[in-house]
Every structure is written in structure tokens, then in C-alpha cells.
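Colleague: Kindly return the folded structure for what I paste below:
(one chain, ligands or ions: 1)
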Amino acid sequence: MEQLAGQLGGFYPHANLQPERPAFVVVMVEGQVAVAEAEHAPWWPVERLAALAGDELARVAVGYLSGSGYGEAWQLSSTQFATLAGRAELLGLRELVGRVGERDFAIVSRAAQLLAWQRQHRFCGGCGAPTAPSDSDHGLVCRPCKLTFYPRISPCIITLVHDGDHCLLGRQAAWPAGLFSTLAGFIEPGESAEQALCREVLEESGVAVAASRYYASQAWPFPSQLMLGYFARYGGGEIAVDSIELQAAEWFHYLELPRIPPATSISGQLIRAFVDARHAGQSLD
Ligand SMILES: [Zn+2]
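Modeller: Below you'll find the model as predicted:
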């Protein structure tokens with residue numbers, strides 16, 4: 001398994017709890033990640049949690065980390081957390097964006113999502129009976145209904161609409177002053193990603209898209225999105241913001257961009273890739 005982790009970029013998100021003792025543990029306390037000051041990663045060697053083993057409120061498998069081994073996520077109460085030796089702080093997932101590496105962020109976001117999902121699906125939505133962990137994977141089973149529930153992932157599109165040297169960026173009223181980003185939205189049941197892209201851009205900005213090209217994806221655990229990143233070529237229309245999702249949308253020249261998201265987010269990566277392509281005189285089609 002560890003070898004597989006090496007082949008998969010350092011982390012293998014394995015779903016099943018293992019009989020062996022975990023080598024490392026992501027500690028979650030009331031939705032926040034407990035980060036030990038003495039550690040270089042946002043998880044703990046299990047030895048430091050020995051006094052609490054078996055008393056955790058919930059536990060899930062997170063997977064195998066190359067060079068470390070098998071890891072779990074434990075939900076602790078704030079009282080249990082207070083008994084941990086050494087200095088530690090509780091950080092929200094958003095505070096960890098950019099503060100830890102991409103692989104480590106994937107691990108803690110997986111831990112947070114699995115524990116939250118388990119907590120929120122203790123009963124079947126069909127009959128109300130308590131669910132129980134599956135024997136074969138990390139699903140939760142309702143035996144009367146013969147249904148297995150799995151962690152939810154919500155696919156979203158996120159797109160940079162471009163027209164020559166200009167790109168279309170928007171901002172929401174709640175964002176920090178001056179910050180603009182690429183347009184994004186959830187994919188509706190029955191839609192393809194490309195259809196969702198055309199609809200979202202039209203709804204939010206009034207602009208039509210002529211063609212789109214897939215760029216890359218990113219897991220975004222706020223709370224459980226999978227962001228599918230696209231470049232989209234402008235197809236016509238004038239900007240008319242809906243004032244519901246967006247407060248403003250504007251065309252920006254690639255040399256005169258406003259404040260944009262960091263390169264750790266896919267929106268930041270799309271914008272930087274657009275700028276690089278314009279500097280190189282390349283087309284995004
Ligand atoms: Zn049921």
C-alpha cells in the first residue's frame with residue numbers, strides 16, 4: 001500500500017479501517033484541525049495520542065502516506081484535546097490553504113470531509129433507521145432499505161472566459177475589497193460540465209461562451225466541491241451581472257489585472273496560465 005502511495009504522488013486515499021495501528025493521525029476537534037506546533041505536518045504521530053486511543057468520538061481511515069504508513073482521522077472532544085501534551089492550535093481548513101503543501105492539504109481535507117459526512121449520516125434518509133459502517137468499504141449502510149450511502153462530492157465548474165488579451169472576472173459582495181476571480185457554479189443533475197459552464201457564465205455575467213477547453217481539477221473542501229477548471233472562449237453578449245451571485249464582472253487586460261486569488265487555488269492557476277499564454281502569444285483554444 002505504501003508503495004502504491006509512492007506511485008500516486010505520495011498519498012493513497014484508502015477507504016477501509018485497517019487492523020494495524022495507524023502511524024499518523026489527523027486530529028479533528030469540533031470541525032477544526034488540531035495542529036501540533038512541534039510537528040512539520042498537520043497530523044500527529046500516534047505515540048503522542050496513546051492515552052486517548054480507543055476513546056476517540058469517531059475514527060475513519062484516511063489512507064497511506066509514502067514514507068509514513070497508514071493514517072486515520074480521529075474526532076476528539078475539546079476536553080480530550082486539552083489533555084494532549086505539548087502545544088497545539090486548532091485551525092479551520094481555510095486557514096490551512098496555502099499554509100501546508102498540496103498533498104498535506106488533500107489529506108486533512110479528506111479527513112475533515114469524511115468525519116463530517118459520517119456525523120451527518122447517522123440515520124437513513126429513507127426510513128430513519130440508524131446507519132452502520134459497511135463491512136467492505138467506507139459507506140454507511142441502512143440494512144432495512146439495503147442502501148449504502150457514500151461521502152458526497154459536489155462537482156462544480158470554474159472557468160476563465162477569454163477574448164484575446166482580456167479575461168472575464170467577477171466578484172461577490174462578501175469577498176475582500178478589490179478581489180476578482182474566475183466564474184464558478186455547481187453542476188445541476190442531468191447537466192454535463194460543459195452545459196453547466198455555458199449556463200453559469202450566462203446567468204452570472206450575461207456573456208455567451210463559444211467553446212471550452214478542460215484545464216485541471218481541484219478538490220475544494222468547503223464543504224465538498226470538486227472544481228473542474230476550464231478555459232472558455234468568449235462567444236458574444238454584453239456584461240450584465242445578476243446581482244445575486246455576483247456584485248460585479250469586468251473584462252481585464254492580462255497586464256492590468258485586479259487583486260486575484262492565490263496560485264494554490266485553481267482560479268489563481270487559471271488566471272496565471274492565461275497570463276503566461278498571452279505573454280507567449282499562445283492561444284487557449
Ligand atoms: Zn433505511
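
Colleague: I figured Ser134 was touching Thr148, is that so?
Modeller: Yes. At 5.8 Å, Ser134 and Thr148 qualify as touching, with contact defined as CB atoms under 8 Å. Every residue, glycine included, has its C-beta placed from N, CA and C.

Colleague: anything in contact with each of the two?
Modeller: 140-141 (CB atoms under 8 Å, 6 or more residues apart in numbering).

Colleague: now the residue nearest to the spatial centre of the chain: how far from Arg119?
Modeller: In the chain, the residue lying closest to the centroid (CA atoms, centre = their mean) is Trp220, at 1.8 Å. The gap separating Trp220 from Arg119 is 20 Å, by CB to CB, to the nearest Å.

Colleague: and Ala85, what pLDDT?
Modeller: Per-residue pLDDT puts Ala85 at 66.

Colleague: my bad, should have said Leu96
Modeller: With respect to pLDDT, Leu96 scores 89.

Colleague: I figured it was touching Phe105, is that so?
Modeller: Yes. Using CB under 8 Å, Leu96 is in contact with Phe105, at 6.0 Å.

Colleague: I'd like to know how many residues surround Thr79.
Modeller: 8 (other CB atoms under 10 Å).

Colleague: and the strand or helix carrying it, what does it pack onto?
Modeller: Using DSSP states H and E, Thr79 sits within helix 78-82. Judged by 3 or more CB pairs under 8 Å, 6 or more residues apart in numbering; DSSP states H and E, the packing partners of helix 78-82 are strand 24-29.

Colleague: mind checking how far the strand it packs on is from the chain centre?
Modeller: Averaging C-alpha coordinates over strand 24-29 and over its chain gives two centres that are 18 Å apart (CA atoms, centre = their mean, to the nearest Å).

Colleague: State whether Trp74 is indeed within a helix.
Modeller: No. Judged by DSSP: H, G, I helix; E, B strand; the rest coil, Trp74 forms no part of a helix; its state is strand.

Colleague: Go through the helix or strand bottoming out on mean pLDDT in the chain and flag the buried ones.
Modeller: Least confident helix or strand, the chain: helix 2-7 with a mean of 84, by mean pLDDT, DSSP states H and E. Using 16 or more other CB atoms under 10 Å as the test for burial, helix 2-7 gives Ala5.

Colleague: contacts for it?
Modeller: Helix 2-7 is contacted from outside by 11-12, 63-67, 69, using CB under 8 Å, 6+ apart.

Colleague: what's the most distant pair in those?
Modeller: Gly63 and Gly67 (13.3 Å; CB to CB).

Colleague: if you count what's nearby, which of the two comes out ahead?
Modeller: Neighbours of Gly63 and Gly67, each counted by other CB under 10 Å, are more numerous for Gly63; the result is 22 against 10.

Colleague: Roughly how far does that one sit from the ion?
Modeller: 29 Å (CB to the ion, to the nearest Å).
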